[in-house]
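Visitor: pasting the sequence and the predicted model now:
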Amino acid sequence: MNAILGIDVGASGIKGALVDLDSGRLYGERFRVPTPQPSTPDAMAAAFGEIVDFFNYEGTIGCGFPAIVKNSTALSAANIDHGWIGRNIGEVFGKKGGTRVFATNDADAAGMAEMRYGIGKGEEGLVLLITIGTGLGSALFYKGMLVPNTELGHVLWKKGKSAELYCSSGARERMKISRKEWADRFNDYLLHLERLFTPDLFILGGGESKYFDSYRAQLTTKARVEPAKLLNNAGIIGAAAFAAEQ
Ligand code: BGC
């Protein structure tokens, strides 16, 4: 079997599993540790190491990371400790003997998984995946090709602040608004993205995709909108697929 450890680093949890790259399915159980607060590189490296130890793993590891990632280096830190900016993620997480860590943006990883194994399989047009969690992540594809680090959670919204501060799950929880109210805001956000990109398909991922049926009727874009098929495992699966290609 062709299995690689995929680890999805999030602002609230770090989740890992062995991924069978032939089928795009998790191989065995998934293991999660809470993201340390503050989420400094040293504290996160220790949590990442717990996951590697749980699987008793040596070899290539794929990592989805919640920031702009270029050549393995974090270039932003919207929902994590600012000490990450400029740090090489592969080096911070790859200290354990026998492991080599390849990092990419978490939403790009989730998008790659959905395009390869999930709801986006065979989609040739313009596809925009939005992950809805503590922040909003985005992954843009045209004819199956990824345009990395699009960061559409940070399009400027009211009062010049990032959209994710108004319509992520994190914002819904912080502002204590109902899912119905949140979904109207989120719909405005999707309509805005539709004006900018005219996608054929929106894929909604992250934790909020589980509740898709409760708010789908509130979404009014011309483009189709589908929930991610791999749900919250897309980031783990895509991270493993990314590492396998390096
Ligand atoms: C970050 C993105 C990330 C998204 C989801 C945003 O705040 O800027 O890089 O993909 O959160 O984690």
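Guide: Nice, thanks for sending it over. Numbers count the residues shown, from 1 in each chain.
Visitor: contacts, neighbours, all on C-alpha from now
Guide: Will do.
Visitor: against D200, how distant is E124?
Guide: 9 Å (Cα to Cα, to the nearest Å).
Visitor: same check, this time on P148
Guide: Going from P148 to D200 by Cα to Cα gives 18 Å.
Visitor: same question, P34
Guide: Using Cα to Cα, we find P34 at a distance of 36 Å from D200.
Visitor: which residue does this structure have closest to the ligand?
Guide: A67 (3.2 Å; Cα to the nearest ligand atom).
Visitor: which neighbouring elements make contact with whichever strand or helix holds S138?
Guide: Using DSSP states H and E, S138 sits in strand 136-142. Applying 3 or more Cα pairs under 8 Å, 6 or more residues apart in numbering; DSSP states H and E, one finds that strand 136-142 contacts helix 106-117, strand 126-132, strand 145-147.
Visitor: picking up where we left off before, neighbour count winner among P34 and D200?
Guide: In this view P34 and D200 are compared by other Cα atoms under 10 Å, and D200 has more residues nearby, 17 against 14.
Visitor: select the longest strand from this protein.
Guide: If you go by DSSP state E, the chain has its longest strand at strand 25-34.
Visitor: return the alpha-carbon coordinates of that strand using CSV.
Guide: Below are the C-alpha coordinates for strand 25-34, written out as CSV (Å, rounded to 0.1, in the frame of the first residue of the first chain):
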residue,chain,number,x,y,z
ARG,A,25,-8.9,7.3,2.1
LEU,A,26,-7.6,7.4,5.6
TYR,A,27,-5.8,4.2,6.5
GLY,A,28,-6.9,3.4,10.1
GLU,A,29,-7.6,5.9,12.8
ARG,A,30,-7.2,9.7,13.0
PHE,A,31,-5.3,11.3,15.9
ARG,A,32,-5.9,14.9,17.1
VAL,A,33,-4.2,17.1,19.6
PRO,A,34,-5.4,20.6,20.5
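Visitor: could you chop this structure up by domain?
Guide: Domain ranges of the chain: 3-108+234-245, 123-228, per automatic domain parsing.
Visitor: quick check: angle from the longest strand of the chain to helix 106-117?
Guide: 160 degrees (axes from the mean of the first three to the mean of the last three Cα atoms, to 10 degrees).
Visitor: tell me which residues are up against strand 25-34.
Guide: For strand 25-34, the external contacting residues (Cα atoms under 8 Å, 6 or more residues apart in numbering) are 3, 12-20, 47, 50-51, 54, 237.
Visitor: between the residues you listed, identify the one with the most neighbours.
Guide: Neighbour tally across the contacts of strand 25-34 (other Cα under 10 Å): the maximum, 36 neighbours, falls on I237.
Visitor: what segments of the chain are strands?
Guide: Counting by DSSP E, the strands of the chain are 3-9, 13-20, 25-34, 59-65, 69-70, 73-74, 99-105, 126-132, 136-142, 145-147, 201-205, 224-227.
Visitor: so which bits of the last one are buried?
Guide: This points to strand 224-227. Going by neighbour count (16 or more other Cα atoms under 10 Å), the buried part of strand 224-227 is 225-227.
Visitor: give me the contacts around the longest helix along the chain.
Guide: Secondary structure assigned by DSSP state H gives helix 179-197 as the longest helix of the chain. Residues from elsewhere that reach helix 179-197 (Cα under 8 Å, 6+ apart): 163, 166-168, 172, 215, 218-221, 223.
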